[in-house]
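**Q** for reference, the sequence and a predicted model appear below.
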Amino acid sequence: MHILRILQTVDRRVLYVLLMLSVTLPFFLTVRLPMRVSPATQALYDRIENLAPDDFVLLAIDWSAGTRGENGPQTEALITHLMRKKCRFAMLAFEPQSPTLCQAIAERLGKEYGSIEGVNWINWGYRVDAKNFLKGFVQDIPAVIKTTNRQEDVTNLNKFPIMKGIKTASDIKLLINIAPSNIYQTYVQFVAGAKKVPMAVAPTSVMVPEVFNYLDSGQIIGMMPGLPGAGEYESLLGTNTKVTRFANSASFAHILIILFIVLGNVAMLLERRQNARAGGAA
Amino acid sequence: MSEYIVRHTDVFMLWVGALCTLGLYSMLYKENRIYRLFEHLFLGLSTGYLVAQQWVDVLQPKWWKPMWEEGRWHFIFIVIFGSFYYFIFSRKGSWIARIVIGFFLGVASGQAFQLFANDTWPQIPSSFKPLIPHPAHTVMVDGKETLIKELTNSGALNNGIFMITVFCVMMYFFFSFEQKGLFVKGSAKLGRWLMMFTFGAIFGATIMARLALLIDRMDFLLNEFGPKAFGSAQMMFAILLAMMGLVLYLALVKDKKTPEEGEA
Amino acid sequence: MEHATTGARILIPLWSVIIVAVILFARKKDLFIRRIQGLSAIDEAVGRATETGRPMICTTGLGIDGGVEIVTLQALSIVSYIIRTSARFATRAIVPVFDPQMLAITEEAVRESYAQEGRPEQYNSDDVRFLTNRQFAYAASVAGIIAREKAAATFLFGYYYAEALIMAENGHQVGAIQIAGTPATTQIPFFIAACDYVIIGDEYYAASAYLSREPTQLGSIVGQDIVKGFILILALVGSAIVSVSAFAGSATGTLFTQFFTK
Amino acid sequence: MLEPVKGGLWYAYVLGSLILVAALLAVLSLLPRRAKRYIVMTVTLLGGLFYALEFFLPTHPMMVGDDPNADGNFLTPFIVPMANVLPAISACAVGLGVINLFQLHGKRALKRNADSINSIAFFVSCIGMAAVWIASKQPQASPLSKALGKILFEGALQNLDATMFSIIAFYITSAAYRAFRVRSMEATLLLATAIIVMLGQITIGQLLTAWIPPRYDFLHVEVIRNWILTKINAPATRAIAIGLGIGSLAVGLRIWLGLERGSYFDE
């Protein structure tokens, strides 16, 4: 009887410590387990794989350090793929921290893949008021973007040859929103829907179930679902960063949580049965 | 001094980062002074950063430079109109704030049509799911050959489940009549059950989302900070273990003696 | 679509006219909407807070875009109802505010609610509190208030993000009876896990209409119902047309779908 | 009239505009409350009318933003100027929150109790961060301001942000443990789906069913997960989303046409 009660009311701090252990211990483990690639991730990968060199891609990056654990690896995987395919890409943000965070990632990977700022990629920086801004953006990109995150004029084609031929949203071959919130819906409403720009999303896991509705209707053509998606994408790219390592920690922590849910339930059911047998009101 | 900071920027960054991380995690034991201090630092830093970035990326290039440096005097109207917001603090002048707030509410309402047309609208035709299994056909549409894909038995079954789910969940959200009668009540109830699949899926997916952030934090402490500060990840792990032990001791032994105060 | 297509140019204005017409009709005649289950729980929670003598916490959420917006204003109208119910029993209600633009409006609404019940003296300006407009700092502050005041009941209405769970968990820890309502689908599971009753999705707007009996809101809900019915029937009819025409190998289904997609 | 000007003329124009608007507001504030409400309603209506008409009015081919294939009507050329002006206006609202925070923490800092140290910490970090970040973004920024900017942003802010968010991992664990009990049909469905989704998104979970031969692929946990997400979750989400979509259309109409009543709109 007593043990059944305890199993249902474990002090939350005991849980916290166990959770921390289940996350940190696998860091010292080197086994790597395979992961099956989901259809949505495969669709996004194939889409980028089929882009021609020099195709223009808009990376709408809207995360802050708060969700770096998921959105960071996603951004890295996508930029790696775009740089390998020699596609041109621009980064735009409605979150103040984002330009600084993604500039660092693009600069680092740019060195590795010989991708040059201004020629192969550009950082447009931070803007406010997404809806009103995007309304004009789809019609005339240079006139609405105006400057980069360094306050340099984007219409200066000598300095930014990447902007050659980029006039309206119809010149964007693929739009990918790396999103920690429902900002992706604003892109569906005012960019992808408006100019029929193919759009993919790399959301945090929280929003994954909701995005399936847009995948079914074809408003979104592919998705990299959270950290697992980034892991799947890395296995497609053949890269191996810490994300693949993180998968072990995630696995152990999940198992721990499931175990506790099951224990709590079994204890509850057993206790209920005991009470019923004792004739007490359960 | 300034040269020292410039030379050791990375070291400072790591230590500041680790202190901030542990300071906030102290909340997991219970709400305390250290946590509150770091919480306020966080509040200040993020507010300061927001203001600075708004100035650097938006107001300076889009308003200040054209108005001040290029002499476009009429840009003053942007800030005049923008300053209307601040009348919200005055009881007498709050109607002036309502002009600008009302204007933006109006703009958002005017855009609601396009928003609806691009977001909700395409979901309607995508719900026209075929339910009868059939082989592939080619038909002429506008003088062009168009392929109608094959629909297998299992595909038809899946489409049926899809349509039933849409129907039942929508039934749950009708409010202008009582949910009475076997059909209405039954489908609304089934709708609520079917929604539980979505909510369960969101819960399960969110566990991954939050764990990913925790893993990222632990990776910072053990694999970035640990090796630089204490020489190895193992050393940092030992320190973490000690901290966890302390929390357990405080939570299970000490708090049991003094009844727990309500905490955050 | 950047500009309305033929289908949208016909149907969206038609639906808009239906909604507006029902709203105007509602001003003349009282319309029926069914009672939302969670609403009985509100009265129960107020009752329980009264018995314990501890305060209630009512939040109006973070909002979608920030600033003055309907989601938050409707949460405020539910909070006004709660305060009107509790004013008779002199139960204290603390209302933390997230958005600076909403502060003055919230103060006004709360003061008004006490006045309506003939208890203007119960209004305490310290109980409507602006905390901060940073997400997690706000959550932490609300959690702190819940814990320190040992809230007997918490009412979490409005639009929420990840902070939903922080507040609801803390409310649960002090044993508060909790009622939440939000149109934010991603946060509903956490309210379901930690709260006693949850008002889901559209029910949120209906709840506010039901409580306020405001003709605009009532008419809007009924008008939306008609449009929803229209769409539901459209989907079923469309599905039937597409099924039959695909089975028969005719182009009708494709043409019908194209009316909406082109 | 709107040409750029320099020197004294610039000051004259700017000052003139300020005086003009101030005078206009002063005159308008003499109006009765009802009239003021109508002014606000008219502004709201006009703001919405522009975008509504631009969207619905018939279009004809026209050159928009160097795009020869574009369509538009007589309002379309104003979309781009609006996109440049409106965000700049709404950016002005950034100070609202700051003013409220400064008031709140100013009061607390002056109270001189245990909490005032926190409010002082708020002021120092807020002003420090803003000053350092703006300085570090100027063309002639000193190495010190750049280093400090990096320490404050990458060292402090980034880690505080990430940590604060990750704390929810602990809460969600305890919430799942406590709340996921098979008490009712609804709770059971929620619990079962959550567990399947969880197992399907981790490697160990996928290993559990990896032994099942490919012929019975539909028994693999990640396949079941995907089925639930696409065949039940997607339509359920769609049904909720259609309701909310019509709701937001209705809300838009209510505000736009001035039909809304209640706390804010009655005054």
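**A** Nice, I can see it.
**Q** relative to residue C:109, how far out is the closest residue to residue C:212 other than its chain neighbours?
**A** In space, and not counting its chain neighbours, residue C:212 is closest to residue C:77: 4.8 Å by Cβ to Cβ, 6 or more residues apart in numbering or on different chains. Bear in mind the C-beta positions are built from the backbone N, C-alpha and C, glycine included. Residue C:77 is 8 Å from residue C:109, where distance means Cβ to Cβ, to the nearest Å.
**Q** over to residue A:88?
**A** 52 Å.
**Q** ok, now residue C:217?
**A** Residue C:217 is 15 Å from residue C:109, by Cβ to Cβ.
**Q** which of these two has more neighbours?
**A** residue C:217 (29 against 22; other Cβ atoms under 10 Å in any protein chain shown).
**Q** who touches residue D:85 in this structure?
**A** residue B:78 (Cβ atoms under 8 Å, 6 or more residues apart in numbering or on different chains).
**Q** need the helices for the chain, in chain order.
**A** Let's take chain A. Along chain A, the segments classed as helices by DSSP state H run A:2-8, A:12-24, A:39-49, A:68-84, A:98-113, A:130-137, A:141-145, A:183-187, A:193-195, A:208-217, A:226-237, A:242-278.
**Q** wrong chain, I was asking about chain D
**A** Counting by DSSP H, the helices of chain D are D:7-28, D:33-56, D:79-91, D:94-111, D:116-136, D:143-150, D:158-179, D:185-200, D:203-208, D:221-227, D:234-256.
**Q** what's the burial count for the residue nearest to residue C:212?
**A** Using other Cβ under 10 Å, the number of residues around residue C:77 comes to 22.
**Q** so what does the helix or strand harbouring it touch, helix or strand wise?
**A** Using DSSP states H and E, residue C:77 sits within helix C:70-87. Secondary-structure packing of helix C:70-87 (3 or more Cβ pairs under 8 Å, 6 or more residues apart in numbering or on different chains; DSSP states H and E): helix C:37-52, strand C:56-61, strand C:93-97, helix C:100-116, strand C:153-159, helix C:203-212, helix D:234-256.
**Q** list the buried residues for the shortest one?
**A** Buried positions in strand C:93-97, judged by neighbour count with 16 or more other Cβ atoms under 10 Å in any protein chain shown: C:93-97.
**Q** how about the helices of chain A in TSV, adding mean pLDDT, distance to chain D and mean neighbour count?
**A** Converted to TSV, the helices of chain A look like this (pLDDT from 0 to 100; distance: least, Cβ to the nearest Cβ, whole Å; neighbours: other Cβ atoms under 10 Å in any protein chain shown):
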stretch	mean pLDDT	distance to chain D	mean neighbour count
helix A:2-8	79	8	13
helix A:12-24	91	4	20
helix A:39-49	96	7	19
helix A:68-84	95	6	25
helix A:98-113	95	6	18
helix A:130-137	94	2	24
helix A:141-145	93	5	21
helix A:183-187	95	9	23
helix A:193-195	91	9	22
helix A:208-217	96	4	26
helix A:226-237	93	5	24
helix A:242-278	89	4	18
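**Q** quick check: closest non-adjacent residue to residue B:39.
**A** residue C:140 (5.6 Å).
**Q** hang on, that neighbour in a helix?
**A** Yes: assessed with DSSP: H, G, I helix; E, B strand; the rest coil, residue C:140 lies in a helix.
**Q** how about the contacts made by residue 17?
**A** Went with chain A since none was named. B:244, B:247-248.
**Q** hmm, I had chain B in mind actually
**A** B:220, B:225, D:154-156, D:158-159.
**Q** just to revisit the earlier point, out of the contacts of residue A:17, who's nearest residue C:133?
**A** residue B:247 (31.7 Å; Cβ to Cβ).
**Q** how about the helix or strand the closest one falls within, does it get close to chain D?
**A** Mapping residue B:247 onto the secondary structure by DSSP H and E places it in helix B:233-249. No: judged by Cβ under 8 Å from any Cβ of the partner chain, helix B:233-249 stays clear of chain D, getting no closer than 11.3 Å.
**Q** now that helix: buried residues?
**A** B:233, B:236-237, B:239-240, B:243-244, B:247-248.
**Q** same question for stretch D:81-101.
**A** Quick answer for stretch D:81-101 (16+ other Cβ under 10 Å): D:82-98, D:100-101.
**Q** quick one: it to chain centroid distance?
**A** 13 Å (Cα atoms, centre = their mean, to the nearest Å).
**Q** alpha carbons only: can I get it in CSV?
**A** Provided in CSV are the C-alpha atoms of stretch D:81-101 (Å, rounded to 0.1, in the frame of the first residue of the first chain):
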residue,chain,number,x,y,z
PRO,D,81,5.5,52.6,-49.6
MET,D,82,3.1,51.3,-46.9
ALA,D,83,5.5,48.4,-46.2
ASN,D,84,8.3,50.9,-45.6
VAL,D,85,6.3,53.3,-43.4
LEU,D,86,4.1,51.2,-41.2
PRO,D,87,6.9,49.0,-39.6
ALA,D,88,8.8,52.2,-38.8
ILE,D,89,5.7,53.6,-37.0
SER,D,90,5.1,50.5,-35.1
ALA,D,91,8.7,50.3,-34.1
CYS,D,92,8.1,53.6,-32.2
ALA,D,93,6.0,51.6,-29.7
VAL,D,94,9.1,49.9,-28.4
GLY,D,95,9.4,52.5,-25.6
LEU,D,96,6.0,51.7,-24.1
GLY,D,97,7.2,48.5,-22.4
VAL,D,98,10.5,50.2,-21.4
ILE,D,99,8.7,53.1,-19.7
ASN,D,100,6.4,50.7,-17.8
LEU,D,101,9.4,48.6,-16.7
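**Q** okay, now the unreliable bits of the stretch 101-250 of chain B?
**A** Applying pLDDT under 70 to the stretch 101-250 of chain B picks out no residues at all.
**Q** which stretches in it count as strands?
**A** B:137-141, B:144-148 (DSSP state E, counting those that start in this stretch).
**Q** closest one to residue C:251 among these?
**A** Closest among the strands of the stretch 101-250 of chain B, using Cβ to Cβ: strand B:137-141, at 4.0 Å.
**Q** so what does the closest one touch, helix or strand wise?
**A** strand B:144-148, helix C:252-261.
**Q** to residue A:217, which of the ones you listed lies closest?
**A** helix C:252-261 (10.1 Å).
**Q** can you list the domains in the chain?
**A** Since you didn't name a chain, this refers to chain A. A:2-29+A:246-278, A:39-240 (automatic domain parsing).
**Q** chain C was what I was after
**A** According to automatic domain parsing, the domains of chain C span C:6-30+C:216-261, C:37-212.
**Q** and residue A:124, how far is that from residue A:91?
**A** In terms of Cβ to Cβ, residue A:124 sits 6 Å off from residue A:91.
**Q** cool, residue A:213 as well?
**A** Taking Cβ to Cβ, one finds residue A:213 at 27 Å from residue A:91.
**Q** surely residue A:48 meets residue A:83?
**A** No: with contact defined as Cβ atoms under 8 Å, residue A:48 does not count as touching residue A:83 (11.0 Å).
**Q** and stretch C:237-245, how far from the chain's centre?
**A** With Cα atoms, centre = their mean, you get 36 Å for stretch C:237-245.
**Q** oh, that last question was meant for stretch A:97-117, not what I typed.
**A** That offset, for stretch A:97-117, works out to 17 Å (Cα atoms, centre = their mean).
**Q** with stretch C:117-129 instead?
**A** The answer for stretch C:117-129 is 23 Å, by Cα atoms, centre = their mean.
**Q** is that stretch anywhere near chain B?
**A** No: legend: contact between stretch C:117-129 and chain B by Cβ under 8 Å from any Cβ is lacking; minimum distance shown is 13.3 Å.
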